[in-house]
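> Build me a model from this:
(chains A and B)
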Amino acid sequence: ELKVEQNPLFLSMQEGKNYTIYCNYSTTSDRLYWYRQDPGKSLESLFVLLSNGAVKQEGRLMASLDTKARLSTLHITAAVHDLSATYFCAVAPYSGGGADGLTFGKGTHLIIQP
Amino acid sequence: GAGVSQTPSNKVTEKGKYVELRCDPISGHTALYWYRQSLGQGPEFLIYFQGTGAADDSGLPNDRFFAVRPEGSVSTLKIQRTERGDSAVYLCASSLFRVSETQYFGPGTRLLVL
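Here you go, the predicted model:
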């Protein structure tokens, strides 16, 4: 059974600081996704990571994937208040191709204080 | 273009009643997913359709839950004899049928069983 663990589950940080959210998963996978969810809203896709060593960046967010360690990180650089949200990582089981249902972590609730 | 839409946005029902939740995927997306999200948790996979057929229904919690997608586009999630524990936000997502594709989520239906 595929399990996905995120840490921390709750993070309060100040604007301008850097921090990293970690996502570990339990079985072989070839696809990892990061989503953002604002309160009362649905999920917004941030990154899709498909290979070992993949790194993607968008603005102040950067995501990376180490499939050997079964670990992905979401790094926040010089945080701003607008990044306050809940961030989920989600993993698809290794399938060799095609689409699959995702297993999500519990989410990291991020609050960025002015 | 239009995103994934779900109706109704909110549904209140009484224990034991039957409910139907509808999902309209992004046009041209052949893969459609249903997830359930409880308060403070990550989405939990329920069922995945490729075209008209259910490719993976391993996440459906029991036989009270059923979903259809008769024409390969709109899908309906059906819950019989609802229980209070079924209260959650039911999310629908769609994607193109390729391993690299992002799943795009709808706004969800918030179901409350009294």
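
> pull the helix or strand with minimum mean pLDDT from chain A.
Every helix and strand of chain A was ranked by mean pLDDT, DSSP states H and E. The lowest is strand A:29-37, at a mean of 90.

> measure stretch B:28-42 end to end?
27 Å (C-alpha to C-alpha, to the nearest Å).

> What mean pLDDT does stretch A:67-75 get?
Across stretch A:67-75, pLDDT averages out at 95.

> contact partners of that stretch?
The contact list for stretch A:67-75, computed with C-beta atoms under 8 Å, 6 or more residues apart in numbering or on different chains, reads A:18-30, A:32, A:34, A:46-47, A:49, A:51-52, A:61-66, A:87, A:89. Glycine gets a C-beta too; all of them are placed from N, C-alpha and C.

> Can you name every helix or strand that the least confident helix or strand of chain A contacts?
Under the contact criterion of 3 or more C-beta pairs under 8 Å, 6 or more residues apart in numbering or on different chains; DSSP states H and E, strand A:29-37 touches strand A:19-25, strand A:43-49, strand A:71-76, strand A:85-93.

> for the longest one, packing partners?
Where contact means 3+ C-beta pairs under 8 Å, 6+ apart, strand A:85-93 is packed against strand A:4-7, strand A:19-25, strand A:29-37, strand A:71-76, strand A:103-104, strand A:108-113.

> can you redo the helices and strands packed on strand A:29-37 as JSON lines with mean neighbour count?
Output for these, formatted as JSON lines (neighbours: other C-beta atoms under 10 Å in any protein chain shown):
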{"stretch": "strand A:19-25", "mean neighbour count": "19"}
{"stretch": "strand A:43-49", "mean neighbour count": "20"}
{"stretch": "strand A:71-76", "mean neighbour count": "19"}
{"stretch": "strand A:85-93", "mean neighbour count": "24"}
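
> Could you tell me which ranges of the chain sit under the pLDDT cut-off?
Looking at chain A here, since you left the chain open. A:94-99 (pLDDT under 70).

> my bad, chain B
In chain B (pLDDT under 70), the answer is B:1, B:98-100.

> Can you name the residues that contact the most centrally placed residue in it?
Geometric centre of chain B, nearest residue: residue B:34, 3.2 Å, by C-alpha atoms, centre = their mean. Contacts of residue B:34 were listed using C-beta under 8 Å, 6+ apart, and they are B:23, B:45, B:46, B:47, B:48, B:67, B:75, B:77, B:90, B:91, B:92.

> Can you classify the residue lying closest to the second one once chain neighbours are set aside as helix, strand or coil?
Translated: residue B:45. Closest residue to residue B:45 in three dimensions, ignoring its sequence neighbours and counting by C-beta to C-beta, 6 or more residues apart in numbering or on different chains: residue A:101, at 3.6 Å. The assignment at residue A:101 comes out as coil when based on DSSP: H, G, I helix; E, B strand; the rest coil.

> Could you report the distance from residue A:101 to residue A:21?
23 Å (C-beta to C-beta, to the nearest Å).

> Over to residue A:88?
10 Å.
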